[in-house]
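Enquirer: sequence isn't available, so here's the structure alone:
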Ligand SMILES: O=C(O)CCC(=O)C(=O)O
Ligand SMILES: [Fe+2]
């Protein structure tokens, strides 16, 4: 059966000025009713070039305890490279529909990679106003190039260069998180899979939506990954839940948005918190984002790091294979 892409639904909806009911969220989810505007709390912004190492570790530690999300500036990934990554991704989504379908998840295929429209089973059968493309970008042994667009031709180079540059940022983040918890610098990354840590690229494509007050892009969730490193385009849309309210995450050109995911929450025995977030959509403009999910290998067992478990802080999470964690989360089963 052919899946209807949101991009196609969006072109029809534009003429009609309405959206199909399956995209209209319940009132307790509608962004127009549930977003707190006008002030207020701002996600921490962290300068990765901070010369005082201890200060940097403290800033990352505090943001990860209190927010589970922060924006990283001066991260050393060239602006040109970020623009190139965005350009080739945009060009892929602007291809004729039948060319994009060449990269669709094959029928019956169990993996996550490929072009598609919906990953998770959603709240009350409602749909998110978003299409996506998933493919791994690191390590080289995990890459399956059948899911990488061949058009535009520079797609591959841009993604390979981005993966290469991202590795330095990833190592620095894992090291800081380890030190923040009083561990040796290498421990956190090792517990998350070390050199076998998978970098899963996702491109989210949120077409213009005639009723952004009623629809959501991605529904409220925490990421399953250890960490997620995200580049957005300039269209506002990411929101985080903090102290009982939804807040916009301010767009900062060329910043990387870092999410603490479920796996870091588990490894840290709950000291660092996975952040609850969602996305809104825009009436006139296409929003896009490029999260890279840093995930343990599927067969790796993850659980609280033993040094972080003691009488005062007993283990809060089960130790299990990452693939079993993913299975329970996708099927909404208890962990
Ligand atoms: O588009 C965004 O800013 C966030 C997307 C997201 O949360 C996700 O794909 O997991
Ligand atoms: Fe997410």
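Expert: That came in fine, so what should we check first? If you're wondering where the values come from, they're calculated on a predicted model, not measured in any experiment. Ligands and ions are numbered 1, 2, ... in the order given.
Enquirer: what is the residue of the chain found nearest ligand 1 paired to in the beta sheet?
Expert: Closest contact between the chain and ligand 1, by Cβ to the nearest ligand atom, is at residue 289 (3.3 Å). In short, each C-beta sits where N, CA and C put it, glycine included. For residue 289, the beta-bridge assignment (DSSP bridges) gives partners residue 204, residue 232.
Enquirer: right, and residue 35 touches residue 240 too?
Expert: No. In this structure, residue 35 is not within contact of residue 240 by Cβ atoms under 8 Å, at 11.0 Å.
Enquirer: per-residue pLDDT of residue 39, please?
Expert: For residue 39, the pLDDT comes out at 66.
Enquirer: any idea of the mean pLDDT for stretch 230-237?
Expert: On average, stretch 230-237 scores 97.
Enquirer: mind checking the end-to-end distance for it?
Expert: 13 Å (Cα to Cα, to the nearest Å).
Enquirer: list the buried residues in it.
Expert: Neighbour counts over stretch 230-237 (16 or more other Cβ atoms under 10 Å) mark 230-233, 235-237 as buried.
Enquirer: what does it rub up against?
Expert: 82, 85-86, 90, 206, 217, 238, 248, 251, 253, 256-259, 279-282, 285-292 (Cβ atoms under 8 Å, 6 or more residues apart in numbering).
Enquirer: which of the residues you listed count as buried?
Expert: Buried among these (16+ other Cβ under 10 Å): 82, 85-86, 206, 217, 238, 248, 256-259, 279-282, 285-292.
Enquirer: hang on, the earlier thing: now do the contacts for the residue of the chain closest to ligand 1.
Expert: Taking Cβ under 8 Å, 6+ apart as the test, what residue 289 contacts is 203-204, 230-233, 237-238, 279.
Enquirer: repeat that for 6 Å
Expert: 204, 230, 232 (Cβ atoms under 6 Å, 6 or more residues apart in numbering).
Enquirer: residue 201 against residue 137, yeah?
Expert: Yes. In this structure, residue 201 is within contact of residue 137 by Cβ atoms under 6 Å, at 4.7 Å.
Enquirer: can you classify residue 163 as helix, strand or coil?
Expert: helix (DSSP: H, G, I helix; E, B strand; the rest coil).
Enquirer: correction: residue 108
Expert: coil.
Enquirer: any idea what the residue nearest to residue 252 when sequence neighbours are not counted is bridged to?
Expert: Take residue 252 and drop its neighbours on the chain: the residue closest to it by Cβ to Cβ, 6 or more residues apart in numbering is residue 71, 5.5 Å away. Applying DSSP bridges to residue 71 yields these beta-bridge partners: residue 45, residue 257.
Enquirer: separation between residue 71 and residue 132?
Expert: Separation of residue 71 from residue 132 (Cβ to Cβ, to the nearest Å): 22 Å.
Enquirer: residue 106 too?
Expert: To residue 132, residue 106 is 16 Å away according to Cβ to Cβ.
Enquirer: who's more crowded, those two?
Expert: residue 132 (22 against 10; other Cβ atoms under 10 Å).
Enquirer: the more buried one should be in a helix, yeah?
Expert: No. Counting by three-state DSSP, residue 132 is not found in a helix; it is strand.
Enquirer: now the buried residues of stretch 230-237 in TSV, with distance to ligand 1?
Expert: Below are the buried residues of stretch 230-237 laid out as TSV (distance: Cβ to the nearest ligand atom, whole Å):
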residue	distance to ligand 1
230	6
231	9
232	5
233	9
235	10
236	10
237	6
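Enquirer: of all these, which comes closest to residue 311?
Expert: residue 230 (37.7 Å; Cβ to Cβ).
Enquirer: low pLDDT regions in the stretch 151-300 of the chain?
Expert: Across the stretch 151-300 of the chain, nothing is flagged by pLDDT under 70.
Enquirer: got the residues of it near ligand 1?
Expert: Counting by Cβ under 6 Å from any ligand atom, the residues of the stretch 151-300 of the chain close to ligand 1 are 202, 204, 218, 223, 230, 232, 237-238, 277, 279, 289, 291.
Enquirer: stretch 11-20: end-to-end distance?
Expert: Criterion Cα to Cα; first-to-last residue distance in stretch 11-20 is 12 Å.
Enquirer: ditto for stretch 148-155
Expert: End to end - Cα to Cα - stretch 148-155 spans 8 Å.
Enquirer: list the helices and strands the helix or strand residue 83 falls within packs on?
Expert: With secondary structure defined by DSSP states H and E, residue 83 is part of helix 79-93. The helices and strands touching helix 79-93, judged by 3 or more Cβ pairs under 6 Å, 6 or more residues apart in numbering; DSSP states H and E, are helix 155-180.
Enquirer: about what we covered before: ok, the residues of the stretch 151-300 of the chain next to ligand 1 vs residue 265, which is closest?
Expert: For these, the nearest to residue 265 is residue 223 (10.1 Å; Cβ to Cβ).
Enquirer: for residue 32, which non-adjacent residue is closest in space?
Expert: residue 213 (3.5 Å).
Enquirer: neighbours of that neighbour, how many?
Expert: 16.
Enquirer: pretty sure it is touching residue 34, no?
Expert: No. At 10.6 Å, residue 213 and residue 34 do not qualify as touching, with contact defined as Cβ under 6 Å.
Enquirer: that concludes my questions; thank you for your assistance.
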